[in-house]
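A.B. asks: Need a 3D model of the following:
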Amino acid sequence: MTATDGGAHDGAAGDGGAAGPGGAAGPGGAAGPGGDTVAAVVRQWRAVRPDLDTGPMEIIGRINRCAALLQQAEDAPLRRAGLSRAEFDLLGALRRTGHELTPGELARETFSSGAAVTKRLKQLTERGLVERRGDTRDRRVAHLRLTDTGRDLVDGILPEQLAYESAVLSGVDGVRQGELAALLGGLLGQLEGRLDALRA
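C.D. replies: Numbers count the residues shown, from 1 in each chain. Here you go, the predicted model:
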C-alpha cells in the first residue's frame with residue numbers, strides 16, 4: 001500500500017488515508033519529524049525502494065489525505081441534520097441547478113449509480129425533503145425537486161460548511177489560494193477526461 005491509497009470516500013481521515021495500513025507514518029498516523037504524514041511515508045518508501053520515483057505519491061497522497069481530513073470535519077453539520085454526505089449531495093444538486101431533475105440527471109450530477117440514487121431519493125422523499133412529479137408523456141419518468149423544508153435545510157447547512165472551509169484556508173493567502181485552485185482545476189480537468197483510459 002502506498003501513500004495514495006484510500007481517501008475521502010471512507011469518510012474518515014485516519015482510515016486508509018495517506019498514512020494508512022502499509023504506509024503508516026507513526027502511531028495514530030502522526031506526522032514524522034520534518035514534514036506531514038505523506039512526507040514520512042515517502043521517506044520510508046525511498047528507504048526500502050530507492051529505485052522508484054515517489055514524486056506522484058507526494059501529490060496524490062496529499063490530495064487524498066487533505067480530502068479525508070476535510071470531509072471528516074465537514075460531515076459534522078450533516079450528521080447533526082441526520083444526513084449522509086451522499087444524501088446532501090443530492091439535495092445540493094437540486095438546490096444549485098434551480099430546476100427539477102430526473103433520477104438519471106441526479107446520478108450524473110452526483111457521480112453516483114442509478115440504484116444508489118433511487119435508494120437515497122426514497123429516504124429523502126419519506127423525510128419530506130424531496131418531492132416527485134410524474135412525467136405527463138412517460139409515466140416511467142419522474143421529475144424531482146426540493147420541498148420548502150428541503151430547501152431550507154440545504155440553505156441552513158451550506159453557510160456552516162463554507163465558514164469552516166474559509167477557516168481551514170485562512171493560513172493560505174488569497175494569491176496562493178488562486179494558484180492552488182487553478183492547479184487543482186487543471187488536474188481535475190485532465191482526470192475527468194482521461195481516468196477511464198487510465199483504468200483500462
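A.B. asks: okay, CA-based contacts and neighbour counts for the rest of this
C.D. replies: Noted.
A.B. asks: Which residue ranges of this structure form helices?
C.D. replies: Along the chain, counting by DSSP state H, helices occupy 37-48, 55-80, 85-97, 103-110, 114-126, 148-168, 174-199.
A.B. asks: Any idea which of these gets closest to residue 140?
C.D. replies: helix 103-110 (11.0 Å; Cα to Cα).
A.B. asks: What angle do helix 85-97 and that closest one make with each other?
C.D. replies: 100 degrees (axes from the mean of the first three to the mean of the last three Cα atoms, to 10 degrees).
A.B. asks: who does helix 103-110 touch, helix- and strand-wise?
C.D. replies: When contacts are defined as 3 or more Cα pairs under 8 Å, 6 or more residues apart in numbering; DSSP states H and E, helix 103-110 packs onto helix 85-97, helix 114-126, strand 142-146.
A.B. asks: Give me the contacts around the shortest one.
C.D. replies: By Cα atoms under 8 Å, 6 or more residues apart in numbering, the residues outside strand 142-146 that reach it are 91, 94-95, 99-103, 129-135.
A.B. asks: So for that strand, what gets flagged as buried?
C.D. replies: When burial is assessed from 16 or more other Cα atoms under 10 Å, strand 142-146 yields the following buried residues: 142, 143, 144, 145, 146.
A.B. asks: Please apply the same query to the first one.
C.D. replies: Across helix 85-97, burial judged by 16+ other Cα under 10 Å covers 85, 87, 88, 89, 90, 91, 92, 93, 94, 95.
A.B. asks: Residues contacting it, please?
C.D. replies: 75, 78, 100-101, 106, 109-110, 117, 120-121, 124, 130, 144-146, 150-151, 154.
A.B. asks: Flag the shaky bits of the protein, pLDDT-wise.
C.D. replies: For the chain, residues meeting the criterion pLDDT under 70 lie at 1-34, 195-200.
A.B. asks: so which of the helices and strands packed on helix 103-110 comes closest to residue 167?
C.D. replies: Taking Cα to Cα, helix 85-97 is the member of the helices and strands packed on helix 103-110 nearest to residue 167, at 20.4 Å.
A.B. asks: Next, the angle from the closest one to helix 55-80.
C.D. replies: Relative orientation of helix 85-97 versus helix 55-80 (the same axes, to 10 degrees): 90 degrees.
A.B. asks: Measure how far helix 85-97 is from the centre of its chain, please.
C.D. replies: Centroid separation between helix 85-97 and its chain, computed with Cα atoms, centre = their mean, to the nearest Å, is 13 Å.
A.B. asks: Likewise for stretch 52-67?
C.D. replies: Worked out by Cα atoms, centre = their mean, stretch 52-67 lies 17 Å from the chain centre.
A.B. asks: And it, what's buried?
C.D. replies: Buried-residue list, stretch 52-67, by 16+ other Cα under 10 Å: 54, 57, 58, 60, 61, 62, 63, 64, 65, 66, 67.
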